[in-house]
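>>> whatever this is, show me its structure:
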Amino acid sequence: MSWMEQLIKTYDDNADIAGNYSIADQHCPLIPVCHTVVVAKLELTISENGNLLKAEVLTKRNGTNTIIPCTMKSSNRTGNHDPHALSDTLQYIARDVGKYDSVKDEFYKKYIKQLNSWVHSNYTHPSIQSIYQYLANHDLIQDLLDRGILFTKEDGTLMDKWISPEEKPMIFQEVANGDILKGCMVRFRVVHEDGEIDPVWQNTAIHKVYASYYLKELEHKNEALCYATGHYMPSTMLHNKNIRYPGDQTKIISSNDTETYTYRGRFLDAEQCLSIGYLSSQKAINALSWLMRTQSGTIDKSYYYLVWSSEPDLPALETTTSSLFSSIEKSDEEPVLRKKTEASYAEKFNRYFAGFHANLKIKNQAVNILVVDAASNGRLAIRYYQETTTNDYLFRLLQWHQKGLWRQRNVKGEQSYSYYGTPSPKTIIYQCFGDKVSATKLKMMESRIFHCILNNQAIPIDLVDCIVKRVITTAIKNTKKSDCDAWESLTAVACSLIKNYQYERIIYNTMLDEKNTERSYLFGRILAVFDKIEEIVLAQSPDRARLTNAKRYFSVFVQQPSKGTQFLYKKIIPYMRKAKRNKELDAKVCNLDAILAKIITAMPEKTYISNKPLDHTFLLGFKAQQYQLNRAAEPKNKTMEAK
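Residues are numbered from 1 along each chain as shown. Below you'll find the predicted structure:
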């Protein structure tokens with residue numbers, strides 16, 4: 001099935017809630033067919049007999065996203081002046097617009113003629129009749145002037161820009177300076193004689209009667225085979241915009257370039273290239289727009305990724321490991337997993353996915369993954385699309401979080417916390433390239449990571465190289481607490497990527513693996529012991545903020561580990577002598593020295609004396625040994641809490 005066919009199916013599955021604003025957390029619900037969404041600036045309250053009761057300027061607090069009925073041409077107007085079916089800007093709906101702009105008098109005539117056809121059809125509605133009665137028999141602009149909503153200049157022309165030093169009226173705060181007639185979108189509310197108030201843009205009955213009316217108008221006009229459904233129906237080359245947000249001008253299907261590179265000699269016109277039914281287009285684009293606004297993720301204003309199926313709570317691609325369990329256990333003081341061991345995490349993670357799979361309404365149903373990017377201000381490109389099943393999707397997501405499992409460290413202001421898991425794709429990219437990474441690179445790299453997740457592939461080696469290089473080059477900068485926290489976060493993400501990349505060859509544990517005899521892993525452990533010896537001695541001296549030699553010569557050690565080991569051992573001799581002044585401190589240093597000797601003797605002599613640069617796995621040994629030493633130094637009761 002194609003992405004369009006899946007979107008049509010999604011619309012059909014949810015057609016009963018189209019236009020329903022009462023659904024929780026939906027500021028703009030699924031848009032009904034033959035409708036679009038706009039940002040209204042003015043709300044008119046009309047009585048049942050067609051009189052203006054109230055005019056109110058709308059702000060964001062009022063919920064300005066408004067569903068309005070439209071025509072095929074009006075929803076795509078740029079250079080044309082086709083009016084919407086009911087709600088529109090002042091230049092279309094005001095009977096007296098000709099007094100202020102004679103050219104736009106034709107706009108109103110076209111609008112009221114079109115509305116008249118609807119009102120006098122078999123698909124009319126009492127609220128629509130009241131609105132028509134008001135607009136056909138009253139001067140809207142004059143009414144707004146009388147109520148202090150609009151203003152005129154001294155010469156009697158309509159004021160488009162507020163130039164007075166006095167406080168700016170609301171209409172000029174909400175409508176951009178320029179053409180007030182063109183920029184002020186109006187919506188309606190009708191008060192019936194029985195006291196019932198009808199917010200027309202929320203009335204699903206009106207949505208349905210208009211859709212029936214307009215589809216009847218299109219019946220037997222320009223019928224063709226719809227490539228999305230395989231049925232004959234009225235076709236269109238004008239497809240909806242407003243996909244990502246109201247006012248969005250990008251389109252996912254368009255063919256208005258007839259003079260340069262569109263057809264390249266293959267077709268005579270656009271219809272020969274692609275034929276989409278109007279109803280199919282409406283359903284697909286409106287469903288996509290709804291999904292984009294309610295459950296998509298985004299990198300910037302142009303790049304969106306979307307995962308959807310009939311399961312509303314399907315975990316998203318960009319989900320961090322810790323957030324997967326937010327519904328299971330929450331803590332105001334420490335928003336992470338309370339059990340901080342890798343084994344307890346893995347057990348909980350498997351239970352989460354097993355439970356999610358067990359609760360699926362439909363086993364092995366379709367899951368759709370779509371990534372779109374705005375190639376220009378008018379074009380929305382599909383960068384990636386894949387159909388899979390819930391079984392495959394959950395398995396690949398599980399694999400992603402298991403392959404990158406490492407003890408992460410997050411810093412928020414003055415507080416830091418740890419959890420076992422895999423960082424989000426965006427966190428990985430920022431740690432690889434820094435906070436100032438360009439939007440272009442961000443989009444490209446996140447697309448690559450998504451590809452790895454969805455296809456169960458290892459993380460690209462260039463990302464591993466990049467982040468390990470950052471770890472090595474920034475180790476020398478750990479002079480402040482904030483720098484140390486940032487470096488710890490960086491190394492944790494680096495370890496996740498290294499573990500992910502090496503997963504098919506060997507599965508590394510977060511906890512120290514004393515049976516691992518790989519050269520790079522062992523040298524990484526040696527470096528961690530050197531670092532710890534200096535750290536505990538410096539902690540007892542006035543110079544406690546000083547950077548350890550292990551971190552100072554981090555880069556040198558990685559390039560020449562054998563010489564680096566001998567060099568660092570000479571550097572710690574003064575520290576070992578200083579430790580002898582304190583019996584307790586001397587015991588700790590002697591214990592660390594014994595651990596160091598044990599690691600060195602575990603390596604064959606030929607391996608130890610080789611000065612070949614270390615591979616990335618040295619960092620896994622370094623962090624595992626460092627964590628084991630830090631845990632050993634913690635009070636017993638605190639250690640028991642972590643188990």
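
>>> report the distance from stretch 283-294 to the chain centre.
15 Å (Cα atoms, centre = their mean, to the nearest Å).

>>> then it to PDB, C-alphas only?
Output in PDB follows, covering the C-alpha atoms of stretch 283-294 (Å, rounded to 0.1, in the frame of the first residue of the first chain):
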ATOM      1  CA  LYS A 283      -8.900  12.600   2.900                       C
ATOM      2  CA  ALA A 284      -5.200  11.900   2.600                       C
ATOM      3  CA  ILE A 285      -4.000  15.500   3.000                       C
ATOM      4  CA  ASN A 286      -6.400  16.200   5.900                       C
ATOM      5  CA  ALA A 287      -5.400  13.000   7.700                       C
ATOM      6  CA  LEU A 288      -1.700  13.900   7.200                       C
ATOM      7  CA  SER A 289      -2.300  17.400   8.500                       C
ATOM      8  CA  TRP A 290      -4.100  16.000  11.600                       C
ATOM      9  CA  LEU A 291      -1.300  13.500  12.300                       C
ATOM     10  CA  MET A 292       1.400  16.100  11.800                       C
ATOM     11  CA  ARG A 293      -0.200  18.400  14.400                       C
ATOM     12  CA  THR A 294      -1.000  15.800  17.000                       C
END
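
>>> contacts for that stretch?
4, 7-8, 10-12, 14, 18, 25-33, 35, 37, 228, 239-240, 242-245, 252-253, 304, 306, 308, 370 (Cβ atoms under 8 Å, 6 or more residues apart in numbering). Where C-beta positions appear, they are placed from N, C-alpha and C, glycine not excepted.

>>> need the buried ones from these selected in PyMOL.
Command for PyMOL that selects the buried part of these, burial taken from 16 or more other Cβ atoms under 10 Å:
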select buried, resi 4+7+8+10+11+14+18+28+29+30+31+32+33+35+37+228+239+240+242+243+244+252+253+304+306+308+370
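
>>> count of neighbours near G621?
26 (other Cβ atoms under 10 Å).

>>> just the strands in the stretch 1-150 of the chain please.
35-39, 42-47, 52-57, 65-69 (DSSP state E, counting those that start in this stretch).

>>> got CSV for the ones you listed, with mean pLDDT and distance to V97 too?
As requested, the strands of the stretch 1-150 of the chain are exported to CSV (pLDDT from 0 to 100; distance: least, Cβ to Cβ, whole Å):
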stretch, mean pLDDT, distance to V97
strand 35-39, 91, 19
strand 42-47, 96, 14
strand 52-57, 94, 16
strand 65-69, 91, 19
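
>>> ok now the helix or strand encompassing L398, how far from the chain's centre?
Using DSSP states H and E, L398 sits in helix 390-403. Helix 390-403 sits 20 Å away from the centroid of its parent chain (Cα atoms, centre = their mean).

>>> cool, stretch 175-195 as well?
For stretch 175-195, the distance from its own C-alpha centre to the chain's C-alpha centre is 32 Å (Cα atoms, centre = their mean).

>>> buried residues in it?
In stretch 175-195, counting by 16+ other Cβ under 10 Å, buried: 175, 179-191.

>>> and if you look at stretch 425-442?
Within stretch 425-442, the residues scored as buried using 16+ other Cβ under 10 Å are 425-433, 442.

>>> buried ones in the helix or strand where A381 lies?
Take DSSP H and E as the rule and A381 turns out to sit in strand 380-389. Using 16+ other Cβ under 10 Å as the test for burial, strand 380-389 gives 380, 383, 386-388.

>>> stretch 58-76 now?
Residues of stretch 58-76 classed as buried by neighbour count (16+ other Cβ under 10 Å): 58, 64-72, 74-76.

>>> and that stretch, end to end?
24 Å (Cα to Cα, to the nearest Å).

>>> quick check: M445 touching C466?
No: proximity of M445 to C466 does not meet the contact threshold set by Cβ atoms under 8 Å, at 9.7 Å.

>>> compare those two and say which is more crowded by neighbours.
Neighbour comparison, M445 and C466: the larger count goes to M445, with 23 against 17 (by other Cβ under 10 Å).

>>> so how far is the helix or strand containing the more buried one from its chain's centroid?
Taking DSSP H and E as the criterion, M445 maps to helix 439-454. Here helix 439-454 is found 13 Å from its chain centre; the criterion is Cα atoms, centre = their mean.

>>> got it, and stretch 86-99?
With Cα atoms, centre = their mean as the basis, stretch 86-99 stands 38 Å off its chain's centre.

>>> how about stretch 105-117?
For stretch 105-117, the distance to the chain centre is 41 Å (Cα atoms, centre = their mean).

>>> buried set for that stretch?
Using 16+ other Cβ under 10 Å as the test for burial, stretch 105-117 gives 105, 107-108, 111-112, 114-115.
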